[in-house]
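*Asks:* Just a sequence and a predicted model for now, questions to come.
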Amino acid sequence: MTRIDATLLHALGDLGQALAILDGDFLVALNAPMQTLLPGDPGALAEHWAQPLHGLATALKAPMGARTRCGVSGEYVAQRVALDARHVLLRLDDERARLHHLQRQLDDREGLLFTSRSLTVSEMGSVLAHELNQPIGATVNLLRGLKLRLARRHPESTDELAALDKAVHQVGYASQIISRIREYTQSRQPKTERIDLVDLVHQSLALLDWDLQREAVRLMLRLPLTPVPVQGDAVMLQQVLINLLRNALDALRLDRPAEALIDIELQVDAGRAELRVGDNGPGITPQTEARLFVPFSSTKPNGMGLGLSICRSLIEMHQGRLWFTRRESGGCCFHFALPVMAATSPTLEKTA
Ligand code: ADP
């Protein structure tokens with residue numbers, strides 16, 4: 001075996017694949033994962049070495065490139081690839097590990113969707129409470145003012161005065177309900193764990209990989225090479241990022257440019273991390289902009305119009321700020337800034 005083969009085997013071993021190199025009927029080399037799975041010595045007859053793994057000896061005779069099941073319950077897949085005229089690379093994939101990994105990904109996705117649904121209900125309560133509090137307070141003041149004026153000018157209108165008292169009482173009751181909702185939703189304090197924003201971007205993109213592929217959107221990432229730690233609740237911050245990305249995808253779907261593009265940039269400056277999610281979609285008209293963060297205002301046929309107001313309240317819960325800018329080249333960009341936990345001076349990585 002050449003030095004290159006050994007280095008290659010070692011490097012591929014780091015990726016966790018079980019590999020062996022065969023020369024004719026003989027075993028030439030094995031990497032660490034393969035040694036763990038099926039120990040053997042270089043120079044041994046490949047057929048003897050393969051014996052303990054059910055079906056592997058037969059798989060060694062299968063046509064080059066064919067994927068052959070082996071193991072008692074077919075839990076491994078063996079595949080041979082010719083390296084040169086003499087040497088053959090044998091790869092063994094543990095299907096259980098792949099299926100386990102797939103199941104975990106599905107569970108994680110389901111978990112996040114569940115949390116984000118319950119979070120949305122809770123946040124919706126909070127946003128509603130916040131929005132209703134103002135008109136309720138104003139109504140109480142108006143009714144009290146009206147009652148004072150009526151009592152001064154027409155003290156004999158006892159029925160009307162009593163009705164106004166009842167109205168104030170009813171509105172006061174509504175206000176109590178709102179306070180209770182606020183108390184309940186605010187007691188759901190965000191967690192304060194250490195979160196790497198770079199990681200969070202990758203995790204969020206992994207959850208939307210299918211949507212990005214389906215919409216054929218080109219992704220541009222400008223992320224620091226070093227972690228950007230912030231303190232907060234990973235689920236909440238991920239929900240913000242996913243909402244912004246989904247909005248960008250919706251915009252690109254509704255009004256598709258020649259080449260749909262989403263770009264994500266993360267920068268650290270003066271102890272603040274700023275994350276930008278931009279797209280080259282239709283952008284936002286001044287009329288939409290005026291109602292961008294107003295709950296229940298949406299321009300989408302089935303939109304709830306809650307996403308951005310929830311995102312803003314989640315970011316504010318993390319002592320941050322969320323805002324929007326228009327792009328000269330078309331499209332728009334949403335930004336959020338959060339305090340960074342420790343001083344970092346990252347270098348930029350560019351990926352297209
Ligand atoms: P929803 O997505 O349910 O409409 P949001 O609060 O998330 O609720 O968004 C409110 C509105 O903001 C959207 O209906 C859309 O008009 C506008 N909007 C948000 N993001 C974008 C974007 N990236 N491009 C264009 N318009 C956007």
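*Replies:* That came through fine. Nothing here was measured: the structure is a model prediction, and the numbers come from that model. Numbering: from 1, shown residues only.

*Asks:* Would you quantify the distance from residue 40 to the ligand?
*Replies:* 56 Å (Cβ to the nearest ligand atom, to the nearest Å). Every C-beta, even on glycine, is put in place using the N, C-alpha and C of the backbone.

*Asks:* now that residue, what's its secondary structure?
*Replies:* Here residue 40 is recorded as coil under DSSP: H, G, I helix; E, B strand; the rest coil.

*Asks:* Burial check on the residue lying closest to it once chain neighbours are set aside, number of neighbours?
*Replies:* Spatial nearest neighbour of residue 40, chain neighbours left out: residue 49 (4.0 Å); criterion: Cβ to Cβ, 6 or more residues apart in numbering. As a burial measure, residue 49 scores 23 neighbours (other Cβ atoms under 10 Å).

*Asks:* OK, contacts around the nearest residue to residue 144 once chain neighbours are set aside?
*Replies:* Nearest residue to residue 144 in three dimensions, chain neighbours excluded: residue 168, at 6.3 Å (Cβ to Cβ, 6+ apart). For residue 168, the contacting residues are 140, 143-144, 147, by Cβ atoms under 8 Å, 6 or more residues apart in numbering.

*Asks:* one more time with 7 Å
*Replies:* 140, 143-144 (Cβ atoms under 7 Å, 6 or more residues apart in numbering).

*Asks:* The stretch 201-350 of the chain against the ligand: which residues are in contact?
*Replies:* With the criterion set to Cβ under 6 Å from any ligand atom, the stretch 201-350 of the chain comes near the ligand through 243, 247-248, 251, 279, 281-282, 284, 288, 292, 298-300, 303-308, 332.

*Asks:* Check what pLDDT the residue of the stretch 101-250 of the chain found nearest the ligand gets.
*Replies:* Scanning the stretch 101-250 of the chain for the residue nearest the ligand gives residue 247, at 3.3 Å (criterion: Cβ to the nearest ligand atom). pLDDT recorded at residue 247 is 95.

*Asks:* now it, what's its secondary structure?
*Replies:* Assignment for residue 247 (three-state DSSP): helix.

*Asks:* Backbone dihedrals for the nearest residue to residue 83 once chain neighbours are set aside, both of them.
*Replies:* Setting aside the residues directly before and after it, residue 83 is nearest to residue 89 in space (Cβ to Cβ, 6+ apart), at 5.3 Å. Dihedral pair for residue 89: phi -100, psi 130, per degrees, to the nearest 10.

*Asks:* so who does residue 89 touch?
*Replies:* 19, 21, 80-81, 83.

*Asks:* now swap in residue 107 and tell me
*Replies:* So residue 107 contacts nothing (Cβ under 7 Å, 6+ apart).

*Asks:* Now it. Its backbone dihedrals?
*Replies:* Residue torsions, per degrees, to the nearest 10, at residue 107 are phi -60, psi -40.

*Asks:* where does it land on pLDDT?
*Replies:* Listed pLDDT for residue 107 reads 74.

*Asks:* Quick check: the gap between it and residue 211.
*Replies:* Relative to residue 211, residue 107 is positioned 19 Å away (criterion: Cβ to Cβ, to the nearest Å).

*Asks:* show me what contacts the closest residue to residue 229 other than its chain neighbours?
*Replies:* What sits nearest to residue 229 in space, not counting adjacent residues and going by Cβ to Cβ, 6+ apart, is residue 341, at 4.2 Å. Going by Cβ under 7 Å, 6+ apart, residue 341 touches 194, 229-231.
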